[in-house]
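A.B. asks: Starting from these lines, generate the structure:
(3 chains)
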Amino acid sequence: MGLTPTFDRDDLVAVAVHPGIGVGLAHRDQQWALATADPLATLAEIHAASSPRWVWWDRHTSSRIAETEIPIDRCWDVSVVHRLLFGGWKSPLSEVWAALHDLPLDTIPQMGQLDLLAMPDHDGDPDLPLQPDGHLRPEWIDARWRSSPQTLATWSSLALRAASLQDDLLGDLPDPQRARSTARSESAAELLCAEMARDGLPINTDEALRLIGRSAGVRPRSVSHEDTIRAERDGHVFDQLSPRRELNLRNPREVKAMLRSQGFDLPDTRRWRLEALRDGEPLIDALLTWRKAERIATTYGYGWLDENVSDGRLRGDWSSSDGAAGRMTASAGLHNLPAEMRTVVEAEPDHLFVRADLGQIEPRVLAAVSADRALVGAAEQPDLYLPVAKRLGVEREIAKVAVLGAMYGATTGESAHALAGLRKSYPTAMKMLEDAAEQGKLGHDVFTSGGRRVRMWTDPSVHGDLDRAISVAAARGRFARNALIQGAAAEFFKVWAITVRRHGRSLGARVVLCLHDELLVHCPARNAAAVADMVDRGVSEAAHYWSPTPSVKFVADVSIVQRWSEAK
DNA sequence: ATCGTAGGCGCC
DNA sequence: AAAGGGCGCCTACGAT
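C.D. replies: Numbers count the residues shown, from 1 in each chain, chains lettered A, B, ... in the order given. The predicted structure is shown next:
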């Protein structure tokens, strides 16, 4: 393979690969179309020789790379950077390209649209990836890009152009260096997501079956058997009614009416409301117990296991920034597995988990991004809430609720009461939150510390309804206020996660779960102590790289466990 | 039948 | 302590 090019570490090199076809590369004005039987092996060779920063369009390429363990740390994912620049959830490449070229979205061509009259005018040469009007050609996005080594090369050169335009736009933000570093870390986090989707979370399947059996009963043999099991579960609640009667427990309205007839007049039947009445009330107790069992039976039951667990791994889709403020999302229950089910998440033989979660991450992030002097001072302490409580002259718990309330936009109760004290003691931090809330109320987008655009929405149902308009504005205010913190915390968390991913490689450690402020790392048992140490030091390394205010302390609770449930 | 929405609950 | 922000996934229900 004497024709493979080599690059420098600082080079931006775009790549598109497809199995059985080849590798396309682009760097500056050059392109390479490599026809090879094993494209990923070829790419691995090039990477081993020169490790440039790799640029690609999207998951099509990063998933392939994740499949083959090429040790890539530095990359630029155009679709990920698009979401950073423009906000929103989806980033179809047609829109990514259009946004970078100021092309109107409503002229984006649709695949399979037989607009015969328009074809001669708009189509031009189908061998070219761009239409005469500048839009990406839909058949190229769909499949044409991977039809030959030459089209792969062409496709990668377009990704390189897109990345360059994105870099220009990031340069227009208030802090270009910071925004560019966010673009890089978010891209690496997307690669980590592809790897987590590939690896899955280790599960003890037998243990899962036992646990499901305890809650949901035996595995139903037929539809009618399923009905029997369900009726039995429901029966425990009906037994508490005198006279005993049946109702549809899955219909909130019926449940609410039933509770009223039993002397409980409630605005809704939410758990926290019922929990307060639980003591000495067998009916409420039975209902809450039923809901827990029903949850496991329906969401985390046999169906869930069959659908998402294979070869002892729970696999779901991972997205590095699907949330409104740029949080990671995961499907298949990876982000909302009930606490009592976490016993089934178990390390493989001769392996252990290192589990770590960031402590008091949100107020620390607020201190870091606002640089509020007093709050930064508090964030130098291992327990941030103690100095805050002292300053406000209240109990620690009250101080905690007040700070969290300020970040979530609480309007009533104890936390709202303490707001005046917070404003006085931490004026810079509070003003930052209030400015964001004001922008949100006005319907303006807000930007996280790392430069992510958080889109504000408009609610068409408002019309001329003043009350509705006020409540929508208030909701947007709370959302924007929180997005600043949640978004910045997500950015910091991802820097930590990719730091752990990178250092973990030599220790055989894999990040198998990311949960907003928590990491689960799977590693050979003999390396667990070293991995735990690395994960802990990774917090400081990530803080050094990410935090706009160096003296803010970031801390993590790290433990070595065999099961996820053991920690905390 | 298929869709979107709401209430609900799991997690952070 | 109060019930605020985010996500995914369940069921029921009304509109299409």
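
A.B. asks: What residues does the residue positioned nearest the centre of chain A make contact with?
C.D. replies: Of all residues in chain A, the one closest to the mean position by Cα atoms, centre = their mean is A:Met328, 0.6 Å from it. A:Met328 makes contact with A:Ala189, A:Cys193, A:Trp318, A:Ser319, A:Ser320, A:Ser321, A:Asp322, A:Ala490, A:Lys494, A:Cys514, A:His516 under the criterion Cβ atoms under 8 Å, 6 or more residues apart in numbering. (Each C-beta comes from the backbone N, C-alpha and C, glycine too.)

A.B. asks: Tell me if the longest helix anywhere in chain A is near DNA strand B.
C.D. replies: Selection of the longest helix in chain A by residue count, based on DSSP state H, yields helix A:466-504. No - interface with DNA strand B: helix A:466-504 contributes nothing (Cβ under 7 Å from any atom of the strand), its closest point being 8.0 Å away.

A.B. asks: can you tell me if that helix touches DNA strand C.
C.D. replies: Yes - shown here: helix A:466-504 in contact with DNA strand C (Cβ under 7 Å from any atom of the strand) through A:Ala475, A:Arg478, A:Phe479, A:Asn482, A:Ala483, A:Gln486.

A.B. asks: dump the residue contacts of A:Glu348.
C.D. replies: For A:Glu348, the contacting residues are A:Pro202, A:Gly312, A:His522, by Cβ under 8 Å, 6+ apart.

A.B. asks: thinking again about what came up before, need the residues of helix A:466-504 next to DNA strand C in CSV with neighbour count, can you?
C.D. replies: Formatted as CSV, the residues of helix A:466-504 next to DNA strand C follow (neighbours: other Cβ atoms under 10 Å):
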residue, neighbour count
A:Ala475, 15
A:Arg478, 18
A:Phe479, 22
A:Asn482, 21
A:Ala483, 28
A:Gln486, 24
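
A.B. asks: burial count for A:Val223?
C.D. replies: A:Val223 sits with 7 neighbouring residues when counted by other Cβ atoms under 10 Å.

A.B. asks: Can you read off the pLDDT for the closest residue to A:Arg144 other than its chain neighbours?
C.D. replies: Closest residue to A:Arg144 apart from its sequence neighbours, by Cβ to Cβ, 6 or more residues apart in numbering: A:Thr151 at 6.1 Å. Here the pLDDT value assigned to A:Thr151 is 97.

A.B. asks: My understanding was that A:Thr151 contacts A:Trp145; is that so?
C.D. replies: Yes - assessed by Cβ atoms under 8 Å, A:Thr151 is found in contact with A:Trp145 at 5.5 Å.

A.B. asks: Give me the more crowded residue out of these two.
C.D. replies: Relative neighbour count places A:Trp145 above the other of A:Thr151 and A:Trp145, with 27 against 22, counting by other Cβ under 10 Å.

A.B. asks: Relative to DNA strand C, how far out is that one?
C.D. replies: 27 Å (Cβ to the nearest atom of the strand, to the nearest Å).

A.B. asks: what about the helices in the stretch 351-500 of chain A?
C.D. replies: Applying DSSP state H, counting those that start in this stretch to the stretch 351-500 of chain A gives helices spanning A:361-370, A:373-378, A:385-392, A:396-408, A:413-417, A:419-425, A:427-441, A:466-504.

A.B. asks: Would you single out the least confident of those?
C.D. replies: Ranked by mean pLDDT, the helices of the stretch 351-500 of chain A end with helix A:413-417 at the bottom, a mean of 71.
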